[in-house]
Every structure is written in C-alpha cells, then in structure tokens.
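[1] Predicted structure and sequence below. I'll ask about it afterward.
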Amino acid sequence: MAAERPIPVYTNLADLYSNLGASLNHAVRWNNLAEEFQKRFGRKPAYIARAPGRVNLIGEHIDYALFGVLPAAIERDILIACGPRPVPASSPISEAHHSPGSVIAENLHTKYARQVFAPARKASVSDEVGEDKVHVEGWHLDINTKELRWESYVKAGYYGVLDHYFKSDVSNANATSPIPVDLLVTGSVPAGSGLSSSAAMVVASTLAFLAVNGKLDDQSNSLTKGELVKMSMENEKRVGVNSGGMDQAASVISDASSALFISFFPTLKATPVPLPAGSVFVCANSLVVADKAVGAKRGYNLRVVETLVGARVLARALGVPVGEKERITLREVVGRLLGEEKEHELDVSDLQKGLERMAKEVEVLRPKGVPDDGELGVTMEEMIEMSGLPEDKFRDVYLSWVEVEATHFQLYKRAKHVYAEALRVLQFRQTCLDVSAGSPAGNDSGSNAALERLGQLMNESQTSCAELFECSCPELNNLTQLARKAGAIGSRLTGAGWGGCTVSLVAEDKIQSFIEQIRDTYAPYKGLEGEALSEVIFATRPSSGACVYKFE
Ligand code: NG1
Ligand code: MG
C-alpha cells in the first residue's frame, strides 16, 4: 500500500532527481536554495524538504463527506532548506538563540519578511490515558487564524511535530527539547489558487522540523506516508480550516506519472491511477483570490456543516441508525443503508449502485411547500427541527467547533452534489483503469472515446459545483467555458473554488494553441507573455509526492 511506505529521504542527488522525474530546472532551484541558505546563515543546510501542490482532477468537496477523490500532485512545489542553529559559544547570544526550539524563518520571495519565533512551554496539559489523567508538559505556538501570514503555515507544521514528539510527562527528567532551527522557504505553487499551496507549505514544514530534530534518521522505523498525512491534516486545522485530507494525501503519497485515487473510509487508502496517454492537464488561474479566513464562515466551513447536517436528516428519513452525538457523514449513510460493516467495506460496484440509489433518495431533503423549489434552503430553526435533535444538542454537535454565518442552509442541493460527484469519481477512475488495462476501450479510437468520457465527467462536475454546491464564481464559469471553446475536452474548477484555478483536459498536440487562445479571450490575461503567462496558465504532469534530501 502506497500509504504504508516510509517518507523517502535521499542522500544522493541522482536518486532524488530521478524520483522527481526532474528537469534541469529542478536542479537549478535546489542548488540556488542551498547556496542562498549558506549566504544567509553562514553554513550549508542540513536538509531540504519538498512538498508538491496538487490539482484535483475530479471529486470536489466530497473528501470531508469521506468519499474518494482523484487528485494528482503537480510539479510545482514548496522547498524548505533547514538546519539546526549552532549556539555560538562566545558572541553575545540573542533571545532567539537562547530559547529551545526557536526558529528563524526566511523566504526567498521578498514580499514575505523574515520571522523569528519560539514555542512557549505549556505549563501543564492533561492527557487522558484510559481512565487516568496524566500531566504532561507541552509547547504552544501563537497562530492568529484571523490573519493568516506566510509563517502561519510554517508554525502549523511545527506545532504537530512539537505535539507528537516533544510532549512529555512532567516527571520525566530526560525529556528532550526541540532544537533551534534556521530555515529558508521557496515556493512555485501560486498562493490562494486552489492548487493547495497551503497543504504543500504545511507538509514541507512538518517534514523540515521532523528532519532537523532527527525524527527521520532511522529509515527502518520511520514515519509512514499515511502517518505524515494524518499529522499534516491535524496541522492544517491549526490554520483554521476543517479540511478533508485530500490535499495532504496527494502532496505526500503521489507517484510521478499517475493520478491518485484516495479514499477515506474506513481508513485512508491511496492507489495510483494511470492517466490515458495523449492528454495533459492544464491549470489556469482565474486570478480571483478566495479569502480563506473570512470566506470559510460563509463558504468552506458552512459547506462542511451543511453536508453533515444533510447526512443526519437523510439517515433519519431512511431509518439509518445514528448516535445522538455522532456526526454521521454522507458516505456512512449509504454504507449503513446497504448493511456495510466496519471490517467489510462495500466493494466498488456495490458503492456505485448505492450512489445511484442515493441520487433518488436525496429528494427527501428538498424543502417542501415552497414555491421556489427550495432555492432558498431552510432556516436554522427548520434545520434543527429536521435533525430531530433538541436545539442545545444540535448546536453542540454541529456548531460548537466551527464558525459559520448564514441565514439559510442548503441541505438538499449539497447532498445531491456530493452523491453525484462521488459517482463521477468512480466512473472517471474506471475509465482510466480500462484504458490502461488495454480493454476494448483501450485501442486508439477507444482511447479517444475514453478521453471524451473523462471530459464529459469533468464538465458535469463543473455544472454541479456551480449550481448545486455553489462554490464556483462568474470568473471560473467564464474561464471553463472559454477553455471548452479553445479545445479543452473537459474543464472544471479545482480545489475549494470561489476563485483560484480551473483544470482542463487538453490533447497533447493542442496545448500551445489552447494556451494562446485562453490568453486572447480571458480578459484578465490580456497582454501576458513569457513567464508572466506561464505563472497563470501551465500544463502539468503528475509529480511524485513529498520527500527530504539530506546533505552529507
Ligand atoms: P483547497 O481550497 O484547494 O485547499 C479544499 C480542501 C480540500 C477539499 C477541497 C474541495 C483544505 C486544506 N483543503 O482545498 O480538502 O475539501 O477544498 O474539494 O481545506
Ligand atoms: Mg488550501
């Protein structure tokens, strides 16, 4: 299983570059970063941690409902050069040098200023071990989730490492402290664009702090990719997003040249999915930047709540048992409806049949007795009543852990999107697998038909995101339409939406003309040439997942 493999730590450049499927371009970036680290900190880095961004090919906003998704890591990535900071014996020692685990963080991008911070000891925290409470000493880092800054993501990764490896029983005199670290970041994933620069930052930071603190030294007993995904997911919650896990899994587990089918139920599993030859994915940035901190309350986190409440209401209507405090997901509703058991998850064909059935069952969520066909959704009071829970319980289970802002909630439209999108992911995956297995659809004309089918699924996904999940925006709608006119086989938004990138499936021999036509027709791209153009629209191949290079 891909998720059970250890995090690769390379000591040999040739191995590193061959794993990356790397071009000369990569080598230049890695060298520059190491040299720049040396200039700034007066010594060579000890490690470089790499984590790629990702593009989601299909399966939007269904990972937190625990349905499988199909992203691929992209070649654009975050690199963090890092090393332990030696404490000079003689020179006057600054505050930063003194405190355990202090960090000097610099960024090659001049708009991100140098930051110095250190974790503070948390006097005493109680951890429950079975029935007992043990007092442990932990570490705290300030992260202001109202105003996210570049170093917030560095801190988020660090927090997890501190929590996992530096929490200790107060009575343990041998407890170790984190060591002081210098680090230098560079990134080629455009920020706020739906290509998961955030997950790439958090994964790279987690890896950098693990490496510097010696936690990746013993490869035979090292962290697995699956464990790193879990840590990075927890870490990303520290920047205030209740994310599903797709981005971290794609950034950590991907293999070069394949997409990755990631499922989350009953546990995280990831399997490579080869993409049909002759086609390429092109990412195009709408240049609308979705505001994560403010937008979450009315966007992402609101969708998380709507889909969870929708699942409870649906379960109730279908006679599926749900515990009072349980936050059942839409995935679990189908499972329980079909008698799925923990040890025996549904196989793909049963799940597929279940999803086809749910397309009809969701109708029970449609608001009744309203002339606009439920367009407006339901009020808080109506939603609470539909849930069958007393108000205080409802608030405790569904609203106490997340900030949302809405007068109306859309349970029907969101659930309808989720089930149909989950089915499209299975169909997309099966189409790719059929082509690679050389089944009848795998010959030339078959493979064209397969590409058409993939494109059609992507287009349907876009319509559903726009109309049912309402996570698109006018610019994304426009850009996906222009993409189809410019020859894309299919085009959709990728990532959370409300701005950021689209992904288009384009025949390999049409990439150049496709990009030129988009440049000439999408108004915000007018006049862009060369590097400025390739910043906003670029073809990408699937890349390998996160790794560490160790300098010897
Ligand atoms: P973006 O906005 O691309 O980071 C977010 C979530 C994913 C997934 C998608 C929607 C985070 C870190 N990631 O992606 O888990 O739910 O939206 O499919 O919040
Ligand atoms: Mg993100």
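    It's in. Numbering: from 1, shown residues only. Ligands and ions are numbered 1, 2, ... in the order given.

[2] How about residues contacting stretch 189-197?
    52-55, 74, 76-78, 187, 200, 247, 250-251, 283, 285, 289-290, 292, 493-497, 499-501, 535-536 (Cβ atoms under 8 Å, 6 or more residues apart in numbering). (Glycine included, C-beta is placed from N, CA and C.)

[3] Cross-reference these with the helices and report the matches.
    200, 247, 250-251, 292, 535-536 (DSSP state H).

[4] quick one on the thing from earlier: list buried residues within the contacts of stretch 189-197.
    Buried residues within the contacts of stretch 189-197, counting neighbours by 16 or more other Cβ atoms under 10 Å: 52-55, 74, 76-78, 187, 200, 247, 250-251, 283, 285, 290, 292, 493-497, 499-501, 536.

[5] quick check, A191 in a helix?
    No. Counting by DSSP: H, G, I helix; E, B strand; the rest coil, A191 is not part of a helix but coil.

[6] near ligand 2, which residues of the protein show up?
    196, 198 (Cβ under 5 Å from the ion).

[7] Show me what the longest helix seen in the chain is packed against.
    Secondary structure assigned by DSSP H gives helix 411-436 as the longest helix of the chain. Applying 3 or more Cβ pairs under 8 Å, 6 or more residues apart in numbering; DSSP states H and E, one finds that helix 411-436 makes contact with strand 47-58, strand 70-84, strand 258-263, strand 269-274, helix 300-318, helix 330-337, helix 348-361, helix 444-467.

[8] which non-adjacent residue is nearest S222?
    Leaving aside its sequence neighbours, S222 sits nearest to P6 (Cβ to Cβ, 6 or more residues apart in numbering; 4.4 Å).

[9] L70 versus the one you found, what's the distance?
    25 Å (Cβ to Cβ, to the nearest Å).

[10] what's the domain layout of this structure?
    What automatic domain parsing lists as the domains of the chain is 2-284+543-550, 292-469.

[11] Tabulate those domains (JSON lines), appending mean pLDDT.
    Below are these laid out as JSON lines (pLDDT from 0 to 100):
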{"stretch": "domain 2-284+543-550", "mean pLDDT": "88"}
{"stretch": "domain 292-469", "mean pLDDT": "91"}
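
[12] Quick check: S491 touching T502?
    Yes. With contacts counted by Cβ atoms under 8 Å, S491 reaches T502, the gap being 5.8 Å.

[13] For the stretch 451-552 of the chain, which segments count as strands?
    All strands of the stretch 451-552 of the chain, identified by DSSP state E, counting those that start in this stretch, fall at 490-493, 501-507, 537-540, 547-550.

[14] And for the stretch 101-250 of the chain?
    103-107, 115-117, 120-129, 132-140, 168-169, 181-187.

[15] Could I get the buried residue list for stretch 99-109?
    Applying 16+ other Cβ under 10 Å to stretch 99-109 flags 99, 101-108 as buried.

[16] Kindly export it (C-alpha atoms) in CSV.
    The C-alpha coordinates for stretch 99-109 follow below in CSV (Å, rounded to 0.1, in the frame of the first residue of the first chain):
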residue,chain,number,x,y,z
SER,A,99,15.1,29.6,23.7
PRO,A,100,14.6,25.9,22.9
GLY,A,101,13.1,25.3,19.5
SER,A,102,13.4,28.9,18.4
VAL,A,103,13.0,29.4,14.7
ILE,A,104,14.5,32.0,12.2
ALA,A,105,12.4,31.6,9.1
GLU,A,106,13.2,33.4,5.9
ASN,A,107,11.6,33.3,2.5
LEU,A,108,13.2,33.7,-0.9
HIS,A,109,10.2,35.7,-2.0
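
[17] one step back: the ones in helices among the contacts of stretch 189-197: which ones sit near ligand 1?
    Counting by Cβ under 6 Å from any ligand atom, D247 from the ones in helices among the contacts of stretch 189-197 sit close to ligand 1.

[18] Name the member of the ones in helices among the contacts of stretch 189-197 with the shortest distance to F551.
    Nearest to F551 among the ones in helices among the contacts of stretch 189-197 is A200, at 21.6 Å by Cβ to Cβ.

[19] count of residues packed around whatever residue of the chain ends up closest to ligand 2?
    Taking Cβ to the ion, ligand 2 has its nearest neighbour within the chain at S198, 3.5 Å off. Neighbourhood size, S198 [other Cβ atoms under 10 Å]: 25.

[20] now S197
    With other Cβ under 10 Å as criterion, S197 counts 24.

[21] If we ignore the residues flanking it in sequence, what's nearest it?
    V189 (4.0 Å).

[22] now that neighbour: how far from Y10?
    21 Å.

[23] These two: which has the busier surroundings?
    Counted by other Cβ under 10 Å, V189 and Y10 do not tie: V189 has more neighbours, with 22 against 18.

[24] how close does the more buried one get to ligand 1?
    Distance of V189 to ligand 1, given as Cβ to the nearest ligand atom, to the nearest Å: 10 Å.

[25] how close does that residue get to S534?
    14 Å.

[26] Same check on E375?
    When Cβ to Cβ is applied, the distance between E375 and S534 equals 41 Å.

[27] any residue of the longest helix of the chain up close to ligand 1?
    No. Counting by Cβ under 6 Å from any ligand atom, ligand 1 has no neighbours in helix 411-436; the shortest distance is 9.0 Å.

[28] surely the residue of the chain closest to ligand 2 meets D247?
    Yes. Using Cβ under 8 Å, S198 is in contact with D247, at 7.4 Å.

[29] Find the residues that touch each one of the two.
    With Cβ under 8 Å, 6+ apart as the test, S198 and D247 both reach E236.

[30] which residues touch A49?
    79-80, 82, 204-205, 207-208, 211, 546-548.

[31] do the same with K230
    L268.

[32] returning to what we had before: out of the strands of the stretch 451-552 of the chain, which gets nearest to ligand 1?
    Smallest distance to ligand 1 across the strands of the stretch 451-552 of the chain (Cβ to the nearest ligand atom): 8.5 Å, for strand 501-507.

[33] residues near the residue lying closest to E403 once chain neighbours are set aside, how many?
    Using Cβ to Cβ, 6+ apart and skipping residues adjacent in sequence, the residue nearest E403 is K297, 5.0 Å away. K297: 14 surrounding residues under other Cβ under 10 Å.

[34] can you offset everything so residue one is 22?
    All right, first residue 22 from here; so that's K318.

[35] what helix or strand does K318 sit in?
    helix 313-319 (DSSP states H and E).

[36] same thing with A298?
    Going by DSSP H and E, A298 is not in any helix or strand.

[37] Skipping its backbone neighbours, what lies nearest it in space?
    S468 (7.2 Å).

[38] Quick check: R75 vs P201, distance?
    32 Å.

[39] Which residue would you name as the spatial centre of the chain?
    Centroid check for the chain by Cα atoms, centre = their mean gives D268 as the closest residue, at 1.8 Å.

[40] I figured it hits N256, correct?
    No. Counting by Cβ under 8 Å, D268 does not reach N256; the two are 11.8 Å apart.

[41] Return the distance of K251 relative to L420.
    Relative to L420, and taking Cβ to Cβ, K251 is found at 25 Å.

[42] can you tell me how far the residue nearest to the centre of the chain sits from S275?
    11 Å.
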